[in-house]
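Visitor: Need a 3D model of the following:
(2 chains)
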Amino acid sequence: MATDLKTTDEEIGIGEYQYGFHDSTANYVFTARKGIDRDIVTQISEMKNEPAWMREFRLSSLEMFFRKPLPTWGGELRQLDFQDIHYYVKAAQGQERSWEDVPDEIRKTYDRLGIPEAERKYLAGVKAQYESEVVYGSLQEDLAKQGVIFTDTDSALRDHPELFRQYFGTVIPPADNKFAALNSAVWSGGSFIYVPKGVKIEFPLQAYFRINSENMGQFERTLIIVDEGASVHYVEGCTAPTYSSESLHSAVVEIIVKRGARCRYTTIQNWSSNVYNLVTKRAMAYGDSLMEWVDGNLGSRLTMKYPAIYLMEPGARGETLSIAFAGKGQHQDAGAKMVHCAPNTYSRIISKSISKTGGRASYRGLVKVANGATGCKSNVVCDALLLDSDSRSDTYPYMEIDEDNVVIEHEASVSKISDEQLFYLMSRGLTEAEASSMIVTGFIEPLVKELPMEYAVEMNRLIELQMEGSIG
Amino acid sequence: MSSVLKVENLCVSIDEKLILKGVDLEVRQGEIHALMGPNGSGKSTLAYALMGHPKYELVDGRISIDGESLNELEPDARARKGIFLAFQYPVTVPGVKVADFLRHAVTNVRNPNRKEGEGLIPMREFRAELKSRMEELGIEPEFARRYLNDGFSGGEKKRMEILQLAMLRPKFAILDETDSGLDSDAVRFVSEAISRLAGPDMAIIIITHHERLLEFNRPQHTHVLLAGRVVERGDARLAHELHDQGYTGVRQRHPEAAAEEQAAADAGNRQPAAAR
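Guide: The predicted structure is shown next:
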């Protein structure tokens, strides 16, 4: 994906983070003033020409956001100033179907991130969101002919109102948590996907989320409906410039996987270390379906994200593979939730976290089995690797099991890179940095090998970048 | 011209405790040396110190190749200068495939000036070479895809060390009890493999208790360590004699070193068991 970035660290004034550059905001179409209140929310809705019900939905969500207290668990949120953020920023006029029509500066950014190249090589469709709005979209023609919808969520509200209203907000209601309420009030952009019955999409659909301006809040809203027997692999990537002040990314992702369908949602997020990443992701998996979250969390100042799968009918399977990498000044509070609502449902959580130079990685997970959900199986494995003694790893596994006839397994381990491993690899000619990097790559290998080749390469490359300069 | 590895008055301590007390050694490319001595005499310490293990503190003396000091070099730099250590207990590195690891190692050792991030040796070329080395050593092809030493039996781990030796082709190979813990078939396999690899470009320093390894790889020089000093030197006959008769004679001929050995053993015994 991101290949051959010519900008040097000196030019962009950062250390290890490679995507910290930013474009001028001088030609933006619209930038909302900082802060959040009814006026801003009304303004967003009016600019988008939304139906009245959506404006009401936003405003009532805003009330919930104000009413709900900040979570006191997870990461440190008190320094996050909600009034110091732009909630809606529109960089370009419309959404283009050809990269050539995307404004030069924005197109160059995506070139540097390698998106058009990846699109040519191995993607079935692409959405590129820049600030609050999607600026580019494509979908292979044959998929469109088969009835596949891959559009931005704003367009879906306009063009597919019935389908939209049937599912929007049903998996994650605004009242779910403070940040879901915030997203429901100010959401903009995100992907809307509908895969009709029996349609299996071979290549991934990809969305790329880019924050550009300072003190920016990005609140995309993604809704994916995979109809009976259909399958899709959706991939999202995220980056942002490095600023000294905070940016906020607070997405809501809702997924419905119907009977016998299959959905894999892969995130390779690599935020700059001034971004608060507070995301709610949840899927409903129906009979004999398979839902998989592959969640790679690199970067950000604080990430709180626990992709959830509600196993609604017998035979549903849920799987979450989570990789978290916490560097200096970063806290990854990530994990997964599996809720077994029906008998004979199966879940698996594999979490691998790496902490270095004082970073903190926490696994926080919930396995819940409802009363009557007999014959369920759940397996949780979380492994943490500490690269030095300044770094920290925590595990918070929650279990709520209201049924006896189930099999629940949980294993956890914490390890350090051992001096003997380093010496062994170095004695074969690898430098200390190469040896550390190799040990880390090996640690996450069981997860990375689950990824399609291009993403595995990208993940390994990102990990190597994180490891660079880590040996002092 | 053949290279010379020179060890002069090497004094090494671990956790402030002096283990090697002035060792001299001169090894020329193409030679085979046997390094012998009872347990605790400092054989493995010498091997680790030559490779540059950070816990082994070089208190005095000098290690050099062709006059160029290695004292300040990290283990990876020493590897690129042509030193190789076959470990007695090879370390497991989960998730790292043998082939990936070896390709990286071979690249660095063959291109000592390579900068981090520069390209590796071409995949096709590397694969072909790895395949033929593995065939020569009778190692199953699937080994290349396994994780480094992960779930390997004792014999498989030693074969992996020999494979690395064959791929890296060092000037000076130190084999630290490569034959320990193996059944007699495996010992023969290792012995034969080493004798095939040995040649004018490779010196081999064999640390062993076994006769077998030395039968196949007859040393021109034998060095006997006792209490951190080389107390006797000879040729293959000395190695043979020690194997037959043990170290009683050596201790009798070197009562001072034997007394030091005894004192060190007593000091070790006085420590609480958990600390040993």
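
Visitor: Which parts of the stretch 101-250 of chain A are helices?
Guide: A:104-113, A:115-122, A:141-145, A:153-159, A:161-167, A:178-186 (DSSP state H, counting those that start in this stretch).

Visitor: The closest residue to chain A within chain B: neighbour count?
Guide: Per CB to the nearest CB, B:G95 is where chain B lies closest to chain A, at 2.9 Å. Just so you know, the C-beta spots here come from the backbone N, C-alpha and C atoms, and that holds for glycine as well. By other CB atoms under 10 Å in any protein chain shown, 21 other residues sit near B:G95.

Visitor: dump the residue contacts of A:Y208.
Guide: Taking CB atoms under 8 Å, 6 or more residues apart in numbering or on different chains, we find A:Y208 in contact with A:110, A:113, A:115, A:126-129, A:236-238.

Visitor: Mind picking the one among those that's closest to chain B?
Guide: Distances from chain B to those, taken by CB to the nearest CB, are shortest for A:L113, at 19.9 Å.

Visitor: pLDDT at the closest one, what is it?
Guide: On the pLDDT scale, A:L113 is placed at 84.

Visitor: Just to check, it is in contact with A:Q18?
Guide: No. Using CB atoms under 8 Å, A:L113 is not in contact with A:Q18; the gap is 9.8 Å.

Visitor: Dead centre of chain B: give me the residue that sits there.
Guide: Taking CA atoms, centre = their mean, the centroid of chain B lies closest to B:I174, which sits 2.6 Å from it.

Visitor: Taking chain A, what residue is nearest to chain B?
Guide: Checked against chain B (CB to the nearest CB), the nearest residue in chain A is A:G442, 2.9 Å away.

Visitor: Sticking with that residue, tell me its helix or strand.
Guide: helix A:432-448 (DSSP states H and E).

Visitor: Give me the contacts around the one helix or strand in chain B whose mean pLDDT sits lowest.
Guide: Using mean pLDDT, DSSP states H and E, helix B:212-216 stands out as the lowest-scoring helix or strand of chain B, at a mean of 84. Helix B:212-216 has contacts (CB under 8 Å, 6+ apart) with B:34, B:175, B:178-179, B:184, B:187-188, B:190-192, B:194-195, B:206, B:208, B:236, B:239-240, B:243.

Visitor: Which of these are buried, as a PyMOL select command?
Guide: Command for PyMOL, covering only those of the contacts of helix B:212-216 found buried under the criterion 16 or more other CB atoms under 10 Å in any protein chain shown:
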select buried, chain B and resi 34+175+178+179+187+188+190+191+194+195+206+208+236+239+240+243
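
Visitor: when you check chain A, which of the contacts of helix B:212-216 turn up near it?
Guide: On the criterion CB under 8 Å from any CB of the partner chain, none of the entries of the contacts of helix B:212-216 sits beside chain A.

Visitor: What about the contacts of helix B:212-216, which are in strands?
Guide: B:34, B:175, B:206 (DSSP state E).

Visitor: Make sure the last one is actually in contact with B:L35.
Guide: Yes. Proximity of B:I206 to B:L35 meets the contact threshold set by CB under 8 Å, at 6.8 Å.

Visitor: Am I right that A:P103 is in contact with A:Q95?
Guide: No. The pair A:P103 / A:Q95 is not scored as a contact, 12.0 Å apart, by CB under 8 Å.

Visitor: Between these two, which contacts overlap?
Guide: Taking CB under 8 Å, 6+ apart as the criterion, A:P103 and A:Q95 both touch A:V135.

Visitor: Compare the contacts of A:Y208 and tell me which is most surrounded.
Guide: Of all those, A:K127 has the most neighbours under the rule other CB under 10 Å, reaching 30 neighbours.

Visitor: wouldn't that one be in contact with A:P204 here?
Guide: No. Judged on CB under 8 Å, A:K127 makes no contact with A:P204 at a distance of 12.0 Å.

Visitor: Rounded mean pLDDT for stretch A:32-42, please.
Guide: 96.

Visitor: Identify each buried residue in the helix holding A:G442, please.
Guide: A:432-448.

Visitor: before we move on, back to that, roughly how far apart are the closest residue to the residue of chain B closest to chain A other than its chain neighbours and B:E241?
Guide: Counting by CB to CB, 6 or more residues apart in numbering or on different chains, A:G442 is the residue found nearest to B:G95 once chain neighbours are left out, at 2.9 Å. Going from A:G442 to B:E241 by CB to CB, to the nearest Å gives 46 Å.

Visitor: what residues does the stretch 101-250 of chain B put near chain A?
Guide: B:101, B:104-106, B:108-109, B:116, B:147-148, B:164, B:168.

Visitor: again, only using 7 Å
Guide: Contact residues (CB under 7 Å from any CB of the partner chain) of the stretch 101-250 of chain B with chain A: B:101, B:104-105, B:108-109, B:116, B:147, B:164, B:168.

Visitor: Farthest-apart pair in those residues, please.
Guide: Pairwise distances across these (CB to CB) peak at 23.1 Å, for the pair B:E116 and B:Y147.

Visitor: neighbours around A:P69, how many?
Guide: 6.

Visitor: where does it land in three-state SS?
Guide: With DSSP: H, G, I helix; E, B strand; the rest coil as the basis, A:P69 sits in coil.

Visitor: which residues does the residue lying closest to A:A156 once chain neighbours are set aside bridge with?
Guide: Sequence neighbours aside, A:F192 is the residue nearest to A:A156 in space, at 3.5 Å (criterion: CB to CB, 6+ apart). A:F192 has these beta-bridge partners by DSSP bridges: A:T151, A:L223.

Visitor: my read: A:F192 touches A:R221, true?
Guide: No. The criterion here is CB atoms under 7 Å, and A:F192 misses it with A:R221 at 8.6 Å.

Visitor: between these two, what contacts are shared?
Guide: A:T153 (CB atoms under 7 Å, 6 or more residues apart in numbering or on different chains).

Visitor: what does chain A have sitting close to chain B?
Guide: A:419-421, A:423-431, A:433-434, A:438-439, A:441-443, A:445-446.

Visitor: Next up, the contacts around the residue nearest to A:S272 when sequence neighbours are not counted.
Guide: Distances taken as CB to CB, 6+ apart put A:T242 closest to A:S272, at 4.3 Å, once the chain neighbours are dropped. Going by CB under 7 Å, 6+ apart, A:T242 touches A:14, A:17, A:20, A:272-274.

Visitor: Restricted to helices, list these.
Guide: Using DSSP state H, no member of those falls in helices.

Visitor: Kindly indicate which of those lies nearest A:T31.
Guide: Distances from A:T31 to the contacts of A:T242, taken by CB to CB, are shortest for A:N274, at 18.6 Å.

Visitor: Angles on the backbone of the closest one, please.
Guide: When read as degrees, to the nearest 10, the backbone of A:N274 gives phi -110, psi 10.

Visitor: repeat for A:G287
Guide: phi -50, psi 130.

Visitor: and it, how far is that from A:R317?
Guide: 11 Å.

Visitor: now do B:S64
Guide: From B:S64 across to A:R317, the span is 62 Å (CB to CB).

Visitor: which of those two has more neighbours?
Guide: Comparing B:S64 with A:R317 by neighbour count (other CB under 10 Å), the higher total belongs to A:R317, at 19 against 15.

Visitor: Wait, the more buried one touches A:R348, no?
Guide: No. Using CB under 7 Å, A:R317 is not in contact with A:R348, being 8.1 Å away.

Visitor: B:L163 is in what secondary structure piece?
Guide: helix B:154-168.

Visitor: that older thread, which pLDDT value belongs to the residue nearest to the centre of chain B?
Guide: Reported pLDDT for B:I174: 98.

Visitor: does it have beta-bridge partners, and which?
Guide: B:L85, B:I205.

Visitor: in chain B, which spans are strands?
Guide: Under DSSP E, chain B gives strands at B:4-14, B:17-28, B:32-36, B:56-65, B:68-69, B:83-86, B:93-97, B:147-148, B:172-176, B:203-207, B:221-226, B:229-234.
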